[in-house]
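Chemist: Sequence first, then the predicted structure, then my questions.
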Amino acid sequence: MKKANTKWVLGHKVTLHDTSGDYDLAFGETPAGVPGPPPHLHENFTESFLITEGEMEFFVNGKVIVLKAGESINLPQNTLHTFSNKSDSACKWVNIHSPKGFRQFFETVGISEDTENSQQNSVSEAIINEVMGTAANYDMLIKI
């Protein structure tokens, strides 16, 4: 069995899973009180989340939606969104991007979980600047 590919990405722990289909699959864990990425949209990806534990607040096209364990959300192409864990406990989730291709964003800006202070480093000024400067290369169009 292959070792999991786990990265800290903007304060979220993301484990990337290989797939044979035309989609990217990740399992995420968001500690309590962690904000999400800047509001953004994808022109070429559909994105889905399934909350498996805890709750996550989503901001979708100007509307706030709170999802709890067992609930999911589908974000079609060109849907402005972000998410954050505003609760007092961790949230776990499954994330799918379709078609395949967004995984490279996680691979590039993520910090290996084996790196010392990886969660803190994943929200460093250098990483934030890298995300802001390169997000569009991954079809993550930031709208601030």
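Modeler: Arrived safely.

Chemist: Could you list the low-pLDDT ranges of the chain?
Modeler: Scanning the chain for pLDDT under 70 picks out the ranges 1-3.

Chemist: Show me where it has its helices.
Modeler: Here the chain has its helices, by DSSP state H, at 103-109, 118-121, 125-134.

Chemist: Would you enumerate the residues in contact with Ala26?
Modeler: Listed by Cβ atoms under 8 Å, 6 or more residues apart in numbering, the contact set of Ala26 reads Val14, Thr15, Leu16, His17, Val94, Asn95, Ile96, Arg103, Phe106. Just so you know, the C-beta spots here come from the backbone N, C-alpha and C atoms, and that holds for glycine as well.

Chemist: Dump those to TSV, plus distance to Phe27.
Modeler: Conversion of these to TSV gives the following (distance: Cβ to Cβ, whole Å):
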residue	distance to Phe27
Val14	8
Thr15	5
Leu16	8
His17	7
Val94	6
Asn95	8
Ile96	11
Arg103	13
Phe106	11
